[in-house]
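[1] here are the coordinates; sequence isn't available:
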């Protein structure tokens, strides 16, 4: 993998693995790598708008520390000197963290999220914070209070969401790595529509400490990258038990890097989920998916069809559970302890009036909708019919997965029903927007890991299509093994990485 | 199974009050329509939520997650107050908490 890095190499085009080995070998300095990416951001981000905040000073200082450690002969960690874009829902001490919301505008957290701390410890160079739908509610980043992110493949289209900024940063070569968070597909769906790789780890595998909560039983941070191996390298840096998160799993992290290098699906039983495909899926998505299934068969996998009869109810259950948890979690934004406070000067208002005025001014339309939905679903008289029933569906989804994993080692489906749609197309039609997550939500409800990787361009619009792989809890390594095998076979077929097909910015 | 709910503008105003969001009156009808559509779609969960199916609140249930009862570093007073919109005497300053009467 190691390339001889010369003065003429565009450092932004290297993979994270290549960058790390070039830095470790002294072929290039971490400072040069950081500068190349900051220059790229300066050149293209006015059009892409992947970032909400650039921390050039911090990035260059982190890079200088890596270079100094190398000069001193210290052993560098496997991603030392590699730049990364951090989703703005994770705290970074002293750096603005908005979650895409006016209500947190200007807040500088006094502490690092565990993910952030692990990245810093590993010598990863954090370039800045990426744009997202407000508090991670959305599938397009259009619900960011600070303006949408644009898909590098077509600037008039959505980059997915909620982690559209992280995915777009990678696709636009502004960073080789990013952190996303996935509550119902917010890592995987943006990966699918930008031609990148994104992984939602097993729930509890990556600490949620310092991840501003949307839905605590669903949220999970994970890696975004341009290759499966890069995602694995990042996964292994951020995963692992954290006593600061009481839902963190105290279990060893699977060998995801070894699995990505193994890349062998011979004899692997792969289940195609009947309910996640067919009607409602764009023709070009279905075509590329069917071709990928054929390719996996050629590689020696045993492909079977599996049925998950309750998956059609997953979206409905999710849009009760998520708003319910969200309405509770977002109650902390009260204009008292952090962030915005408005309406205090008007007469002598009570704390409740200030709170209500602050929340009206601070929350956008989608956050407001979901808070009210959750408030409704948790109301006395409706609780059993809505929230209670949704929790039962969650059990049925888990049982469907358990049965499916008796027949298959991993499950696959298209990641999203369509390729990237036009900005504005679904902005005021919440239900149409929610349908983008129909294939990704079941994994969140069950807590199992999922990956999206690019499998080609849809013939009708020339835009990227993603394939989703799902595995049992704590078998995240299976995603990387199967994903890397498919990625390698596709690369052989295409002759060059899919992002080379994207128009120059 | 609940009937497909119809949400009125008064319902939205009530929910907004419960959620402490001071919605402008002109937005109530639009939210009522959207919430009605969404609730109509999600009500289908009741079709399969039979009596004998247990509820799941958490994907990976853990119990008794304790730590040693030892003092650890925490945020300083200054750090904890650093993001507050209003601070007085090393405390969060809040608006009036009692009604006029």
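    Here it is on my side, so go on. Fair warning: this is a prediction, and the values are worked out from it, not measured in the lab. Numbers count the residues shown, from 1 in each chain, chains lettered A, B, ... in the order given.
[2] contacts, neighbours, all on C-alpha from now
    Fine.
[3] quick one: furthest residue from the center of the chain?
    Reading this off chain A. In terms of distance from the mean C-alpha position of chain A, residue A:347 ranks first, at 44.5 Å (C-alpha atoms, centre = their mean).
[4] You answered for a different chain; I wanted chain B.
    In chain B, the residue that sits farthest from the middle, by C-alpha atoms, centre = their mean, is residue B:70; the gap is 32.4 Å.
[5] Look at that one and give its secondary structure.
    Under the three-state scheme (DSSP: H, G, I helix; E, B strand; the rest coil), residue B:70 adopts coil.
[6] Likewise for the one 3 residues further on?
    Classification of residue B:73 by three-state DSSP places it in coil.
[7] In chain B, where is pLDDT below threshold?
    With pLDDT under 70 as the threshold, chain B has low-confidence stretches at B:1-5, B:100-101.
[8] swap the cut-off to 80 and go again
    With pLDDT under 80 as the threshold, chain B has low-confidence stretches at B:1-5, B:99-101.
[9] Pick out the residue closest to the middle of it.
    For chain B, the residue sitting closest to the mean C-alpha position, by C-alpha atoms, centre = their mean, is residue B:19 at 6.7 Å.
[10] Got phi/psi on the nearest residue to residue A:437 once chain neighbours are set aside?
    The shortest distance from residue A:437 to any residue that is not its chain neighbour, by C-alpha to C-alpha, 6 or more residues apart in numbering or on different chains, is 5.9 Å, and that residue is residue A:185. Recorded main-chain torsions at residue A:185 are phi 140, psi 10, according to degrees, to the nearest 10.
[11] what sits against residue A:185?
    The contact partners of residue A:185, taken as C-alpha atoms under 8 Å, 6 or more residues apart in numbering or on different chains, are A:161, A:437, A:440-441, A:444.
[12] and what of residue A:296?
    If you count contacts by C-alpha under 8 Å, 6+ apart, residue A:296 has them with A:265, A:303, A:486.
[13] which stretches of the stretch 201-350 of chain A form helices?
    Taking DSSP state H, counting those that start in this stretch as the criterion, the stretch 201-350 of chain A carries its helices at A:228-238, A:256-262, A:283-298, A:314-329.
[14] nope, chain B is what I was after
    Listed in chain order, the helices of chain B (DSSP state H) span B:9-18, B:28-42, B:77-81.
[15] Those: which one's closest to chain A?
    Comparing the helices of chain B against chain A with C-alpha to the nearest C-alpha, the closest turns out to be helix B:28-42 (4.2 Å).
[16] quick one: buried residues of the closest one?
    Across helix B:28-42, burial judged by 16 or more other C-alpha atoms under 10 Å in any protein chain shown covers B:28-29, B:31-32, B:34-42.
[17] now do stretch A:431-448
    A:431, A:434-448.
[18] just to revisit the earlier point, can you lay out the helices of chain B as JSON lines showing distance to residue A:498?
    As requested, the helices of chain B are exported to JSON lines (distance: least, C-alpha to C-alpha, whole Å):
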{"stretch": "helix B:9-18", "distance to residue A:498": "46"}
{"stretch": "helix B:28-42", "distance to residue A:498": "37"}
{"stretch": "helix B:77-81", "distance to residue A:498": "46"}
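[19] Format those as a markdown table; extra columns: distance to chain A.
    Conversion of those to a markdown table gives the following (distance: least, C-alpha to the nearest C-alpha, whole Å):
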| stretch | distance to chain A |
| --- | --- |
| helix B:9-18 | 6 |
| helix B:28-42 | 4 |
| helix B:77-81 | 6 |
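[20] now for these, which one comes closest to residue A:197?
    Set against residue A:197 and scored by C-alpha to C-alpha, those come closest in helix B:28-42, at 30.5 Å.
[21] So which elements touch that closest one?
    Using 3 or more C-alpha pairs under 8 Å, 6 or more residues apart in numbering or on different chains; DSSP states H and E as the contact criterion, the elements in contact with helix B:28-42 are helix A:314-329, helix A:365-377, helix A:430-434, helix B:9-18.
[22] Contacts for the first one next, please.
    Contacts made with helix A:314-329 from outside it, assessed by C-alpha under 8 Å, 6+ apart, are listed as A:184, A:213-216, A:218, A:370-375, A:377-378, A:386-387, A:389-391, A:393-394, A:397, A:434-435, A:437-438, A:441-442, A:445, B:19, B:41-45.
[23] and that helix, which residues are buried?
    In terms of neighbour count (16+ other C-alpha under 10 Å), helix A:314-329 has its buried residues at A:314-329.
[24] List the contacts of the residue sitting nearest the centre point of chain A.
    For chain A, the residue whose C-alpha lies nearest the mean C-alpha position (C-alpha atoms, centre = their mean) is residue A:187; its distance is 2.1 Å. With C-alpha under 8 Å, 6+ apart as the criterion, the residues that contact residue A:187 are A:161-163, A:167, A:180-181, A:198-200, A:222, A:224.
[25] What are the boundaries of the strands in chain A?
    A:51-54, A:83-87, A:125-130, A:177-181, A:197-200, A:221-225, A:269-273, A:302-306, A:410-414, A:450-457, A:464-470 (DSSP state E).
[26] Which neighbours in the sheet does the fifth one have, and how are they oriented?
    Meaning strand A:197-200. Applying DSSP bridges, strand A:197-200 is found paired with strand A:221-225 (antiparallel), strand A:450-457 (antiparallel).
[27] Show me how far it is from its chain's centre.
    6 Å (C-alpha atoms, centre = their mean, to the nearest Å).
[28] circling back to that earlier point, which one of the strands paired with strand A:197-200 is the most hemmed in?
    Using mean count of other C-alpha atoms under 10 Å in any protein chain shown, the stretch among those with the greatest mean number of neighbours is strand A:221-225 (a mean of 31).
[29] got the contact list for it?
    A:166-167, A:170, A:176-182, A:187, A:191, A:196-201, A:206-208, A:211, A:231-232, A:234-235, A:238.
[30] switch to 7 Å and redo it
    A:167, A:170, A:176-182, A:196-201, A:206, A:231, A:234-235 (C-alpha atoms under 7 Å, 6 or more residues apart in numbering or on different chains).
[31] And stretch A:206-213, by the same measure?
    Stretch A:206-213 is contacted by residues A:89-91, A:112-115, A:220-221, A:238-240, A:242, A:244-245, A:248, A:329 when judged by C-alpha under 7 Å, 6+ apart.
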